[in-house]
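Novice: Need a 3D model of the following:
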Amino acid sequence: MLRMTLLALAHRTGVRLAEIGFLLVLFAGIWLAAAQVPKFKLGTARTIVAAIALAAAGLLLIIATHWGHFS
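Specialist: Numbers count the residues shown, from 1 in each chain. Okay, the predicted model is just below:
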């Protein structure tokens, strides 16, 4: 059976995507902590930004693991 690959990434590209994903996880953690400080304003908006960063990080890590040969 012939398997068709729509997306193939080099190993280095997969590693770079994973690094960006982990950096987004770090950013989201710091942003969530900042959202809990009562002195800072816009706690809800900060939580939303952190959630979007976590979702983007998850997507990048899935791409890096599946197509980028990062494992």
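Novice: Tell me how far the residue sitting nearest the centre point of the chain lies from residue 19.
Specialist: Most central in the chain under Cα atoms, centre = their mean is residue 57, positioned 0.8 Å from the mean C-alpha point. The gap separating residue 57 from residue 19 is 11 Å, by Cβ to Cβ, to the nearest Å. Heads up, the C-betas are built off the backbone N, CA and C, glycines and all.
Novice: Could you list the low-confidence segments of the chain?
Specialist: Applying pLDDT under 70 to the chain picks out residues 1-7, 71.
Novice: excluding its backbone neighbours, what's nearest residue 15?
Specialist: Spatially, and ignoring its direct neighbours in sequence, residue 15 is nearest to residue 70 (5.6 Å; Cβ to Cβ, 6 or more residues apart in numbering).
Novice: which ones are touching the one you found?
Specialist: Going by Cβ atoms under 8 Å, 6 or more residues apart in numbering, residue 70 touches 11, 14, 15, 17, 18, 64.
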